[in-house]
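Trainee: Would you be able to build a 3D model of this:
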Amino acid sequence: MTSAVAGTYSFTTFKIGKLDLTSSKLQVVDCNIYESAMDHHTYADVTVFDPADELGKNQISGDEDVEIGIEVPGGQNPANFKFKMLQNTDHRHQGALKAKTYTFHMCSPELLKGQSTSVSKSWNKQSDEIVKDIVKDYWKSDKEVETEQTDSKTRIVGNNNPPHLVLDQLKDRHVSRENKASAYTLFETRDDNGDQKFKFVTFENLMKNKSSSSQTYKHNPMMGAQSSTTGDDMWNIIELNLPQTFNTMQRWSSATNQSTYCTASGKQQSKDIKYKDQEQEFKYLGQSPVRKAEWDEVDKDKKPWRHTIIDKANDKDKTKIAEMRSKKAAYMGRLLNDRGTMRIHGNPNLKVGDVIKIQISSQSDDEEGNESKQITAKVLIVNLRHNIGLPNQKPGPYTMIVEFIKAGYEESVGG
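Mentor: Take a look at the predicted model:
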């Protein structure tokens, strides 16, 4: 890629139902595609200028399949997305002619399929296998599902709940064989050919991803939003925002101001506050009316356990769930401190779950022309927005807004 093509793009595919926008007179005015490692699905909103009202003639009803493919000149692979139309309610007439502007809202097909079905099944097996079953059997997805194996079996009953609710109930039962925190996430990313796939993995393994982009993005705060290096504009950071905690040294030795999970109370609490069970006096008067009245006056969460049901499949000591929860909460709390955002030129090779490097100039060049000192850090991309606009849009028609977290704690930010 050269600096002359930074920010330019073309659609390899853009179909709404049977209508192919790449071979018609329709013009894409604005397109935003949202990918996230924190969400199960991908979303998009597109504004289209239709001079001859082709969309109206094709009777777009609002439930069509949508395919979007994006590539850049000299790029390795396109980014290919499959959506389902969610809304097409925003129509605006342009003058007295047939010309109209349409705004469409789209989401992953699996999201809509999951909302129209329920889970009437029980499992007693590895939780990663349960996740894969839900994606394949209840989301009806034909995409590849890549999973990281969990430690032990868990038992869960669907109870005719929506599949997304069953996944939510599973989130605190995933125990990793490799990583202490067991901070799992299920999200849509893309494979080496640019096609979408699902990935179920821990954040620790994402941060160790050796197949991620080795490209370094550079930024010079003295230059503002202008080109920041003398090299290829493709790798310049247009805008950069970092929290003050981002440049601190060794991560494990840095105190956290986030709350932690207390397994005794089942609640989040500040690190310096110890959980104390609220004592409640009870008079043991059997099942007399007086005893029953006192019992009814006490809040449910303050009542002592009258009986305990133990299911061997969910034995916390056996599955390490109790130990995992506190470590997971502390780990996720630390990640929240180390988030940053940047805007870069569009690059379909980048995807959520990738680890890249950012290089920041800490000072300008000295009078002798020596190169400025650089701060380099590895970051994990957790949110990504593809923003595509008109050809004359500045700083380019195709940019990306990237949200990232610092990847790795064993290494400090180095010069």
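Trainee: where does Val131 land in three-state SS?
Mentor: Classification of Val131 into helix, strand or coil gives helix, according to DSSP: H, G, I helix; E, B strand; the rest coil.
Trainee: Now it. Nearest residue, chain neighbours left out?
Mentor: Once flanking residues are discounted, Val131 sits nearest to Phe200: 5.1 Å by Cβ to Cβ, 6 or more residues apart in numbering. Every residue, glycine included, has its C-beta placed from N, CA and C.
Trainee: for Val166, same thing?
Mentor: Going by Cβ to Cβ, 6+ apart, Val166 has Val119 as its nearest residue, at 5.0 Å.
Trainee: List the residues that contact the one you found.
Mentor: When contacts are counted by Cβ atoms under 8 Å, 6 or more residues apart in numbering, Val119 is found next to Ile134, Tyr138, Gly158, Asn159, Asn160, Asn161, Pro162, Pro163, Val166.
Trainee: how far away is it from Lys328?
Mentor: 24 Å (Cβ to Cβ, to the nearest Å).
Trainee: where does this structure have low pLDDT?
Mentor: 1-5, 88-97, 210-214, 220-232, 244-319, 337, 362-375, 408-415 (pLDDT under 70).
Trainee: In it, where's the longest helix?
Mentor: For the chain, the helix reaching the highest residue count under DSSP state H is reported as helix 321-337.
Trainee: what comes up buried for it?
Mentor: Ile321, Met324, Arg325, Lys327, Lys328, Ala329, Ala330, Tyr331, Gly333, Arg334, Leu335, Asn337 (16 or more other Cβ atoms under 10 Å).
Trainee: what's the answer for stretch 237-245, then?
Mentor: Buried-residue list, stretch 237-245, by 16+ other Cβ under 10 Å: Ile237, Ile238, Leu240, Leu242, Thr245.
Trainee: What is the nearest of those residues to Phe11?
Mentor: Here the nearest of the buried residues of stretch 237-245 to Phe11, counting by Cβ to Cβ, is Ile238; it sits at 22.4 Å.
Trainee: Leaving out sequence neighbours, find the closest residue to that closest one.
Mentor: Nearest non-adjacent residue to Ile238, counting by Cβ to Cβ, 6+ apart: Arg343, 4.5 Å away.
Trainee: Please tell me I have it right and the one you found contacts Gly396.
Mentor: No - taking contacts as Cβ atoms under 8 Å, Arg343 lies outside contact range of Gly396: 10.1 Å.
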